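Q: Sequence below, structure please.
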Amino acid sequence: MVGSTPSPPPPGRSGQLGKAILLIGPAVLFIGVLACLVLWFVVRVEVNKGEFLVLVRKTGKPIPADLMPEFTDQVVLYPELVKAIADKTGETEERVRDTYKGIRLEVFSEARYFFNPYTYKLIKGPATQIGQSEIGVLVRKFGKPLPFPKTVATEPDERGPTDKILTQGRHNVNLLAYEIQKFPMVLIPEGHVGVVTLLSGDDPADKNTYTVEPGEKGVQRRTFSPGLYPNNPYLKQIQLVDIRSQKYDMLGDDSIHFPSNDSFEIKMEGTIEWAVRPDRVAEVTVAYGDEDDILSKIILPNARSISRIQGSKLQGREFISGATRKAFQDHWLTTLKEECWKQGIEIKSALVRDIQPPPEMARLISQREQADQEIERFTNQMEEARAQARLVEQQEMQARNSAIGDARREVVSVTKEAEEHKGVAITEADRELAVAKLRLEAAEKQAAALRSRGEAEANVVLFDFQAEAEPLAAAVNAFGDGRTYAQMFFLEKIAPSIQSILSNTDGPFADIFKQYRQFDVPAQQGGEDR
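A: Residues are numbered from 1 along each chain as shown. Below you'll find the model as predicted:
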C-alpha cells in the first residue's frame, strides 16, 4: 500500500546475516591476499633489460596428425601452420593459437607479464647481439624442407637458412624457432673486386654463357667494388680477385724457345706486366681461374705461339741486332696485347730483355756485325765531315744575310723615325690650330656676353628712370600744370616744419606770441564779467 511503512524483518534474521558476514569476511580477505601472493610470486614474470620471453604451451590439443600428416614434426605454431589447422578444423586462428600445444613464435621484450605457469612454460633468454663488422643469418627450424635445388628459404613456411640478415645491434629472436649464425662482413680491399655467385635464384635464361643476368642463379656479371659488404653466405658467395698489375719474368727455364727459319733455336727472355680487365673479371674468373691459370692458359700460350709464328719467318742472324730484331719485338708486343685483350687480359707492358741465337752463329754474326759497325762508323765520320762543311757554309751565309739584314733594318729604322717626326710635327700643328680655334670661339662668346650684360644694365637704368618719371607725369597732369604741382610739393614739404614751430611753446620764437596772449587775457575776463 502506498505510504505504508515496510514491515520489520523477522526477529533474529539480521543477527544471522551479521554472523555470516563476520565468518565469510576473513575467508574472502584470506583468499584475496592468497590470490595476490600467487599472482605476484607465481604468475608474475619479469623480463629484464637485454632479455626476451618465449611461451611454450604445455596443455591443450596436439596438432591433428591424422588430418595433417605433413605437419606432424612441427612444434612451433607459426602463422602458416596455424592457418592450416584452422582451415582443417574450422576453428579461428586465434582459437588455434590459444588452445594447441607448441611453441609460440612471437617473443615478449622487457616488461612485466602475468602468464599461467600451468598452461605455459616460460623461457627467458638473452637478446642476440650482432657486433660491428659482422652479420647474423636466421636459420629457420620450422616449416617444410627445402625443395631441391634451393639452398635458401625464401618462403615463410620453408625450413633452413633464410635470405634475411641481421645487422649490427640488438635483436629479440626466438631461439627455439630460429638459429642465428654469425659471419664476418666481407671486406674487399683496394685493388680487388668481388666476383659474386648467386646460390639461389631463377634459372639462367641463357645457359651457354659464363655469367648470368641479375637475379639469375650463377656467377653475376656485375662485380663488387672495394668496400665492406654484409653478405649471406647461403645466398651469395663473394670471391676476391686481384685486378692490380702483375709481373711475370720469363727467365731461365721460363724463357721462350722457338726455331728460326733456318732451324736454329732462338731463346728469348723478357718481362710481362699484365692485369685482368675490370669489365670482364667475372667472365675471366669463371672461364680460366686464378692468376696461375691465367698465366698458363692465356698469357704464356699466346706469347709462345706468337714467337714461333713470327720467328719462323726470320733467319737466325736477324735476331742478333738491327732493325729486323726491333720489328720482331714490336710485332710480338702488339700481337700479344691484341690477343690477350680479346680474352679479358690487359698487357700493360712486355719488355724483351734478350734474344739469344746459338753460340756458334752468334760469334760469326757478331764479327760481321762488328765489321758492319766499323763501316757504319766510317760512314758516319764522312757524313759528319760533310755536315761540318755544310755548317761552315751555312754560318758564312748566315753572317752575310745578317749584315744585309742589319743594313735593311737601319734603313727601315731611319725611315720609320722620320715618319714618326713628321707625324709628331703634324700632330703638334693640328693641336695648336685646334687651341687657337677654341680661343677665338671663347673670345667671341666672351664679347657677346659683355654686350648682353651692357644692354641689360642700360635697360635697368632706363627702366628705373621710367619708373620715376611716369608717376611724376601723372601727378603733374592731375594738377593741371607743373607750377601748381610744384607749389603743392613745396607746401607739402614745409608744412610739417611750420606746424612744429607753431606747436612748440619753448624758445624765442614762442616768446613773441606769448606777449600777445598776456594782453588778451584781461579783455577776455572783462568780457566774461560783462
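
Q: Which secondary structure elements does the longest helix belonging to the chain sit against?
A: Scanning the chain for the helix with the most residues, using DSSP state H, yields helix 359-479. When contacts are defined as 3 or more CB pairs under 8 Å, 6 or more residues apart in numbering; DSSP states H and E, helix 359-479 packs onto helix 482-503. Yep, even glycine has a C-beta here, placed from its N, CA and C like the rest.

Q: For the stretch 51-200 of the chain, give me the ranges with low pLDDT.
A: Confidence mapping of the stretch 51-200 of the chain against pLDDT under 70 gives the ranges 66-73.

Q: In it, what residue spans correspond to helices?
A: Under the criterion DSSP state H, counting those that start in this stretch, helices of the stretch 51-200 of the chain are mapped to 79-89, 93-99.

Q: for those, which one sits closest to Pro161?
A: Closest approach to Pro161 among these is made by helix 79-89 (18.0 Å; CB to CB).

Q: which outside residues touch that closest one?
A: The contact list for helix 79-89 (CB atoms under 8 Å, 6 or more residues apart in numbering) reads 63-64, 67-68, 71, 74, 91-93, 95-97, 100, 105, 142-143, 156-157.

Q: any idea where the strands of the stretch 1-150 of the chain begin and end?
A: Applying DSSP state E, counting those that start in this stretch to the stretch 1-150 of the chain gives strands spanning 44-47, 51-57, 76-77, 102-104, 111-114, 120-126, 128-130, 134-140.

Q: Can you report how many residues lie near Tyr485?
A: As a burial measure, the neighbour count of Tyr485 was computed by other CB atoms under 10 Å and equals 16.

Q: Start at 525, not 1
A: Let's use 525 as the start, then, which means that last one is Tyr1009.

Q: follow-up on the earlier one: now tabulate the strands of the stretch 525-674 of the chain in CSV and tack on distance to Ser836.
A: Written out in CSV, the entries for these read as follows (distance: least, CB to CB, whole Å):
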stretch, distance to Ser836
strand 568-571, 84
strand 575-581, 78
strand 600-601, 75
strand 626-628, 78
strand 635-638, 87
strand 644-650, 75
strand 652-654, 65
strand 658-664, 58
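
Q: I'd like those as JSON lines, with mean neighbour count appended.
A: Formatted as JSON lines, the entries for the strands of the stretch 525-674 of the chain read as follows, by neighbours: other CB atoms under 10 Å:
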{"stretch": "strand 568-571", "mean neighbour count": "14"}
{"stretch": "strand 575-581", "mean neighbour count": "20"}
{"stretch": "strand 600-601", "mean neighbour count": "22"}
{"stretch": "strand 626-628", "mean neighbour count": "21"}
{"stretch": "strand 635-638", "mean neighbour count": "10"}
{"stretch": "strand 644-650", "mean neighbour count": "14"}
{"stretch": "strand 652-654", "mean neighbour count": "16"}
{"stretch": "strand 658-664", "mean neighbour count": "20"}
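
Q: before we move on, the earlier item: any chance of a PyMOL selection covering the buried ones in the contacts of helix 603-613?
A: Applying 16 or more other CB atoms under 10 Å to these, the buried members can be selected in PyMOL as follows:
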select buried, resi 587+592+595+598+615+620+621+624+629+666+667+681
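
Q: And for Gly684, the neighbour number?
A: Burial of Gly684 is recorded as 17 neighbouring residues (other CB under 10 Å).

Q: Enumerate the beta-bridge partners assigned to it.
A: Listed by DSSP bridges, the beta-bridge partners for Gly684 are Arg664.

Q: for it, what are its contacts?
A: For Gly684, the contacting residues are 663-664, 667, 669-670, 675-677, taking CB under 8 Å, 6+ apart as the criterion.

Q: now, the most widely separated pair of those residues?
A: For these, with distances taken as CB to CB, the pair at the greatest spread is Gly667 and Thr675 (14.8 Å).

Q: coming back round to it: present the helices of the stretch 575-724 of the chain as CSV; the columns should include distance to Phe987.
A: Rendered in CSV, the data for those read as follows (distance: least, CB to CB, whole Å):
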stretch, distance to Phe987
helix 603-613, 120
helix 617-623, 122
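
Q: wait, which of the ones you listed is closest to Phe843?
A: Taking CB to CB as the criterion, Phe843 comes closest to helix 603-613 out of those, the separation being 77.3 Å.

Q: Could you say which one of the strands of the stretch 525-674 of the chain comes nearest to Lys961?
A: Distances from Lys961 to each of the strands of the stretch 525-674 of the chain were compared by CB to CB, and the smallest falls on strand 658-664, at 97.6 Å.

Q: Relative to the whole chain's centre, how far out is that closest one?
A: The chain centre lies 34 Å from the centre of strand 658-664; the measure is CA atoms, centre = their mean, to the nearest Å.

Q: who's in contact with it?
A: Residues beyond strand 658-664 that count as contacts (CB under 8 Å, 6+ apart) turn out to be 652, 654, 677, 682-686, 688-692, 695, 697, 701-709, 754-758.

Q: mind listing what's buried in the helix or strand hosting Phe852?
A: Assigned by DSSP states H and E, Phe852 belongs to helix 847-866. Applying a neighbour-count criterion of 16+ other CB under 10 Å, the buried positions in helix 847-866 are 852-853, 856-857, 859-861, 863-864.

Q: Also stretch 998-1015?
A: Of the residues in stretch 998-1015, 1000, 1009 count as buried by neighbour count, 16+ other CB under 10 Å.

Q: What's the mean pLDDT across that stretch?
A: This predicted structure assigns stretch 998-1015 an average pLDDT of 75.

Q: Report the separation between the two terminal residues of that stretch.
A: End-to-end distance of stretch 998-1015: 19 Å, with CA to CA, to the nearest Å as the criterion.

Q: centre of the chain versus that stretch, how much separation?
A: 109 Å.
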